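# just to be clear, the model below is a prediction. Sequence and coordinates:
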Amino acid sequence: MIRILLAEDDRVMREYLTRALERSGYAVSAVDRGTEAIPLLEAERFDLLLTDIVMPEMDGIELAQRASEMAPEMRVMFITGFAAVTLKAGKQVPQARVLSKPFHLRDLVLEVDRMFQSENAGFN
């Protein structure tokens with residue numbers, strides 16, 4: 001099963017995203033800030049870091065950079081409502097995907113599915 005670490009400071013958004021991804025067959029661990037994600041990254045293996053960019057204590061870009069050092073094979077997807085931040089993320093973490101808010105939960109699940117399509121073909 002594909003494991004996702006979700007870092008999103010908005011509680012309602014975090015719960016919606018978690019529910020949508022779990023319904024689609026993903027295992028989700030959710031935290032409300034980047035600094036809470038680091039101990040999980042040290043202790044467990046995740047296939048995808050799904051992170052908001054603008055968060056307290058540690059933003060999603062810094063989290064993604066730290067995560068990439070800890071788990072280079074892990075994929076990264078940013079979610080953000082700020083266009084300028086999207087450009088910064090693209091420059092600093094070029095291999096990451098960016099999904100701009102607002103988005104429909106279906107769009108998020110489709111994007112995550114696309115990231116793992118070739119791997120999912122073997123799971124049944």
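Yep, that arrived.
# list the buried ones in stretch 76-83?
For stretch 76-83, a neighbour-count test (16 or more other CB atoms under 10 Å) marks Val76, Met77, Phe78, Ile79, Thr80 as buried. The way it works is simple: take the backbone N, C-alpha and C, and place the C-beta from them, glycine included.
# what's that stretch in contact with?
Residues from elsewhere that reach stretch 76-83 (CB atoms under 8 Å, 6 or more residues apart in numbering): 8, 17, 48-54, 60-61, 64, 67-68, 86, 89, 93, 95-103, 108, 111-112, 115.
# for the helix of greatest length in the chain, the averaged confidence score.
Looking across the chain with DSSP state H, the single longest helix is helix 11-23. Model confidence over helix 11-23 averages 96 on the pLDDT scale.
# just checking, what packs against the next helix or strand after that helix?
Note on helix 11-23: by DSSP states H and E, the next helix or strand toward the C-terminus is strand 27-31. Contacts defined by 3 or more CB pairs under 8 Å, 6 or more residues apart in numbering; DSSP states H and E place strand 27-31 against strand 3-7, helix 11-23, helix 34-43.
# any idea of the mean pLDDT for strand 27-31?
Strand 27-31 shows a mean pLDDT of 98.
# could you give the bridge partners of the spatially most central residue of the chain?
Taking CA atoms, centre = their mean, the centroid of the chain lies closest to Leu50, which sits 0.4 Å from it. In this structure, Leu50 bridges to Leu6, Met77 when assessed by DSSP bridges.
# what sits against it?
Going by CB under 8 Å, 6+ apart, the list of residues near Leu50 reads Ile4, Leu5, Leu6, Ala7, Glu8, Leu17, Leu21, Met77, Ile79, Val112.
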